[in-house]
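> this one's structure only:
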DNA sequence: CAACCGACCTGGCGGC
DNA sequence: TGCCGCCAGGTCGGTT
């Protein structure tokens, strides 16, 4: 479900409600996520402490606590975080409930259980965050960097964009969309792009992510922000899930192929 | 070693 | 109506 714009949307919706609040109770109803939830660590480092900031790194949400620890949450494919002001009925697949000092709860739901919830001790470096590439909306995401890093690479440019060691936060939807907007074919070997083409790729990635954030993310099925509200970027999708639909630029049908085991959409006429 | 591929899960949908 | 196969926004570890 969530790529960078969706995680950022959740972050922005929850931040004003969480910062300054203490986590009083932690209820873990299911520990079998992608990696087992370590309940002891959660109680030790998170329970009883106050949230000082809500940050994001790629697709990870990072709750900064006043003792220097962090609560790291990844939503996988189907994860949701929801703020409940009152004692609403628990929805299915609610694996974690964090009770706040104002009586509200933050609930983590994840039917497929591909997500991750982990407490990181103060000053501990978290393995999951090691080796991540630059943020696409930061000054580190440059054509120089990508041109050098992918020089000589024969892997498809789309695979490179979706590799979190290259750049974080770009998933299947936005990789497809960005490549359409800069006119580069997804299967094009990354090492064949010129410096100027990387500049256009970067410009497209940034623009599509920013527009998606402005629209509150893409709700294909079930994405909701922390307040339960959907996003609206799905109406702006140019190629993702648009097989056989006319290309916006040339009118020829959008093609779907499978690349790296992922559905890949593009216009063979407009993208070279 | 870069690059590919299956595995991890549940739910929803289309086809028969 | 119901069953079956396929597909899904993401990683990661093992294999080639």
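Yes, it's here. Computed from a prediction, not measured in an experiment: that's the story for all the values here.

> Over in chain A, which residue gets nearest DNA strand B? Let me know.
Using CB to the nearest atom of the strand, residue A:112 is the residue of chain A that sits closest to DNA strand B, at 3.3 Å. (C-beta placed from N, C-alpha, C; glycine too.)

> how about the helices in the stretch 51-200 of chain A?
Listed in chain order, the helices of the stretch 51-200 of chain A (DSSP state H, counting those that start in this stretch) span A:143-149, A:157-161, A:172-182, A:195-214.

> does any part of the second one sit near DNA strand C?
In this case it means helix A:157-161. No. Using CB under 7 Å from any atom of the strand, we find that helix A:157-161 stays clear of DNA strand C, coming within 10.0 Å at best.

> Show me the contact partners of that helix.
A:146, A:150, A:153, A:166-167, A:170, A:175-176, A:178-179, A:184-190, A:193, A:201, A:205, A:259-260, A:264 (CB atoms under 8 Å, 6 or more residues apart in numbering).

> cool, the longest one as well?
Where contact means CB under 8 Å, 6+ apart, the residues beyond helix A:195-214 that reach it are A:4-5, A:8-9, A:136-137, A:141-144, A:146-147, A:157, A:161, A:167, A:169-170, A:174, A:177-179, A:181-184, A:193, A:218, A:231, A:233, A:236.

> circling back to that earlier point, please identify which of the helices of the stretch 51-200 of chain A is closest to residue A:92.
Among those, helix A:172-182 comes nearest to residue A:92, with 25.4 Å by CB to CB.

> gap between residue A:17 and residue A:173?
Note on residue A:17: its distance to residue A:173, by CB to CB, to the nearest Å, is 27 Å.

> Can you pick out the residue with more neighbours from the two?
residue A:173 (25 against 18; other CB atoms under 10 Å).

> before we move on, the earlier item: which of the contacts of helix A:195-214 count as buried?
A:4-5, A:8-9, A:136, A:141, A:143, A:146-147, A:157, A:161, A:167, A:169-170, A:174, A:177-179, A:181-184, A:193, A:218, A:231, A:233 (16 or more other CB atoms under 10 Å).

> what does the stretch 1-150 of chain A put close to DNA strand C?
Where the stretch 1-150 of chain A comes near DNA strand C, counting by CB under 7 Å from any atom of the strand, the residues are A:1-3, A:6, A:34, A:58-59, A:74, A:76-77, A:112, A:114, A:128.

> nearest to residue A:249, of these?
Of these, the one sitting nearest to residue A:249 (CB to CB) turns out to be residue A:3, at 23.6 Å.

> got the contact list for the residue nearest to residue A:113 when sequence neighbours are not counted?
Spatial nearest neighbour of residue A:113, chain neighbours left out: residue A:33 (5.1 Å); criterion: CB to CB, 6 or more residues apart in numbering. By CB under 8 Å, 6+ apart, the residues touching residue A:33 are A:76, A:95, A:110, A:113-117.

> gap between the helix or strand where residue A:14 lies and the chain center?
Applying DSSP states H and E as the criterion places residue A:14 in helix A:4-18. In this view, helix A:4-18 has its centroid 11 Å away from the chain centroid, taken as CA atoms, centre = their mean, to the nearest Å.

> mean confidence for whichever helix or strand comes after that helix?
The helix or strand immediately downstream of helix A:4-18 is strand A:23-28, counting by DSSP H and E. The predicted model gives strand A:23-28 an average pLDDT of 98.

> Then stretch A:104-122?
97.

> And it, what's buried?
Buried residues in stretch A:104-122 (16+ other CB under 10 Å): A:104-110, A:113, A:115-120.

> Check stretch A:195-210 too.
Applying 16+ other CB under 10 Å to stretch A:195-210 flags A:197-202, A:204-205, A:208-209 as buried.

> Return the two entries of these that lie farthest from one another.
Among the buried residues of stretch A:195-210, A:197 and A:209 lie farthest apart (CB to CB), at 18.7 Å.
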